[in-house]
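Novice: Fold the following and give me the result.
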Amino acid sequence: MALNPRQERFCQLYATSGNASASYREAYEGALGAGQSAFILLKNPKVKKRLEKLTGETAKKAETNRESLIAFWEEVRDTPVGDVDENHPLAQEFQHSDSGMKIKMPSKERAAMELARLTGAYEPEKHEVSADDELKKLLKKVTGG
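Specialist: Presented below is the predicted three-dimensional model:
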């Protein structure tokens, strides 16, 4: 048996927002007790199965979107300014005048910043630290433990 239209709408909303109560309120048009009702609905095996499928699709779409953004910013970074004319995909606007043509394209500086962000360059580095026996003894001595 398939989900009813409201259950499907709830699943669609929940898969994208992650907020069960808000998704329930929207799918069921402002129903009272949305938090409890959403909690119960999330336990429904058919709803669980549908959400598993939708969240997998959402994650795949997000990764595809991320990959296309990286490709776009790489193209901005790697395309020589002189190669951009009024018909180039990177041409955002252009003006003809007596002195020539002026073409605007995305900033190479912004491209570098966006690529760094998308590839995790700004993420803090994680370092694992462990205390050996001597350090543990020293800490016990210092703290009186």
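Novice: Pull the number of nearby residues for Ala111.
Specialist: If you count neighbours by other C-beta atoms under 10 Å, Ala111 ends up with 19. All C-beta atoms are positioned from the backbone trio N, CA, C, and that covers glycine.
Novice: Isn't it up against Trp73?
Specialist: Yes. The pair Ala111 / Trp73 is scored as a contact, 4.5 Å apart, by C-beta atoms under 8 Å.
Novice: next helix or strand past the longest helix anywhere in the chain?
Specialist: Assignment by DSSP state H gives helix 45-78 as the longest helix of the chain. Using DSSP states H and E, the helix or strand that follows helix 45-78 in sequence is strand 93-97.
Novice: Note down every partner strand of that following strand and its orientation.
Specialist: Note on strand 93-97: by DSSP bridges, its sheet partners are strand 100-104 (antiparallel).
Novice: Dump the C-alpha coordinates for the partner strand into PDB.
Specialist: Coordinates of each C-alpha in strand 100-104 appear next as PDB, following Å, rounded to 0.1, in the frame of the first residue of the first chain:
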ATOM      1  CA  GLY A 100      36.100  48.900 -27.800                       C
ATOM      2  CA  MET A 101      34.200  46.300 -25.900                       C
ATOM      3  CA  LYS A 102      34.000  45.800 -22.100                       C
ATOM      4  CA  ILE A 103      33.200  42.300 -20.900                       C
ATOM      5  CA  LYS A 104      32.500  41.400 -17.300                       C
END
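Novice: for that strand, which positions count as buried?
Specialist: Neighbour counts over strand 100-104 (16 or more other C-beta atoms under 10 Å) mark Ile103 as buried.
Novice: What is the next helix or strand after that strand packed up against?
Specialist: Going down the chain from strand 100-104, the next helix or strand is helix 108-118, by DSSP H and E. Packing partners of helix 108-118 (3 or more C-beta pairs under 8 Å, 6 or more residues apart in numbering; DSSP states H and E): helix 45-78.
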